[in-house]
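[1] pasted the sequence and its predicted model underneath.
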Amino acid sequence: MKESKISVNRKAMEIVDRLMGDDLELGVTVKTDGDGATIIDAGVEAEGSFEAGLLITEICMGGIGKATMGLGEYGGLTLPTVFVETSMPCEALLGSQFAGWRIEVEDYYAMASGPARALALKPKKIFEEIRYKDEADEAVVVLESDRLPTLKALRHIAEKCSVNPDRLYAVVTPTSSIAGSVQISGRIAETGMHRLVTLGLNPRLFRHAAGIAPVAPSHPDSKIAMGRTNDVLLYGGETFYIVEADKRDLELREIVDKAPSSSSRDYGKPFFEIFKDAGYDFYRIDPALFAPAALTLCNLSDGRVYSAGKVNFEVLKMAMSL
């Protein structure tokens, strides 16, 4: 594994400093625990904001990706959108943003993403594939949870990252919060890249990545909020990638054709209904469903462009209870 040329934790800290410095404007609260770890609440007790969600999206991407907001029209339904892009997709998307670390410490549970993963190497297989690791004396983790982390949970994270607890910064965004909804939609490019890699495309071939997805309106019921935040990716998310591959045209065509969420046997209903039918068990849902609605890929080696999938306006509107 090669040494880092860039530190996603140090780059992300530049944005963390902005988040903490403008806490009142951004609707977040900042506090420290008994060990000195910093907790940034962006939606548990704090209200959060759209802008906080954008900054957290960029933190998730290790400070080497950009996120902006707009408005999109989806078959008569107007929703905010998040557009993300990065020219370091391996490090930003798989090496940082991917929510690949389960935090389970006693009664505290959260899905962890962000640059701290590149210190803890969670999961190790991804970092072996992208040949990346970070070396930093401070760690930034984003926790998707409706509770603030416990002292023991923060100690566990600091230990796995090999940093002192007072050098740990934890940003917390519940799924049902405004900032949480924004940062989940901001994962659209990562969602597509992970799907393409799962289908056999070497992650080190990716040169640039971009994506856009609607932002799910918040809902007080966490299960419905979870369903909506999945729906905007699966039925409304669109992605674009530039790769440099010497694979034959047929191989890339087959990979892209299998990549959209529509290739899944579970496709076609709002995610909450799919989840309910699966007995609220994620492992009974077809993994192929967790993909963007549409993907486009350009191969630098020969200039060929491949595209598959489309936005499903009807299911999006069903998911928003219209």
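    Great, that's in hand. Numbers count the residues shown, from 1 in each chain.
[2] got any ranges where the stretch 101-250 of the chain has weak pLDDT?
    Along the stretch 101-250 of the chain, the model assigns pLDDT under 70 to residues 249.
[3] kindly recompute the last result at 80.
    Applying pLDDT under 80 to the stretch 101-250 of the chain picks out residues 247-250.
[4] quick one, strands of it?
    Under the criterion DSSP state E, counting those that start in this stretch, strands of the stretch 101-250 of the chain are mapped to 101-105, 108-113, 139-144, 168-172, 206-214, 238-243.
[5] now, of those strands, which is deepest in the fold?
    Each of the strands of the stretch 101-250 of the chain was scored by mean neighbour count; the highest is strand 139-144, a mean of 29, by mean count of other C-beta atoms under 10 Å. All C-beta spots, glycine's among them, are computed from the backbone N, C-alpha and C.
[6] can you name every helix or strand that that strand contacts?
    Packing partners of strand 139-144 (3 or more C-beta pairs under 8 Å, 6 or more residues apart in numbering; DSSP states H and E): helix 8-21, helix 50-60, strand 108-113, helix 151-161, strand 168-172, helix 178-185.
[7] tell me the most buried of the ones you listed?
    Highest mean neighbour count among the helices and strands packed on strand 139-144 (mean count of other C-beta under 10 Å): helix 178-185, a mean of 29.
[8] so for the one residue sitting closest to the centre of the chain, what's the nearest residue that isn't a sequence neighbour?
    When C-alpha atoms, centre = their mean is applied to the chain, the residue found nearest the centroid is Arg187 (3.3 Å). Of all residues not flanking Arg187 in the chain, Gln97 sits nearest, at 6.1 Å (C-beta to C-beta, 6 or more residues apart in numbering).
[9] ok, now Glu85?
    Nearest in space to Glu85, with sequence neighbours left out and distances taken as C-beta to C-beta, 6+ apart, is Ala210 at 4.1 Å.
[10] quick check: Ala46 touching Val28?
    Yes - with contact defined as C-beta atoms under 8 Å, Ala46 reaches Val28; the gap is 5.1 Å.
[11] ok, these two, which is more surrounded?
    More neighbours surround Val28 than the other of Ala46 and Val28, with 25 against 19 (other C-beta atoms under 10 Å).
[12] got phi/psi on that one?
    When quoted as degrees, to the nearest 10, the phi and psi of Val28 stand at phi -110, psi 160.
[13] for Glu51, see how far away it is.
    Distance, Val28 to Glu51, by C-beta to C-beta, to the nearest Å: 10 Å.
[14] what's the closest of the strands of the stretch 101-250 of the chain to Asp22?
    In terms of C-beta to C-beta, the element of the strands of the stretch 101-250 of the chain nearest to Asp22 is strand 168-172, at 13.9 Å.
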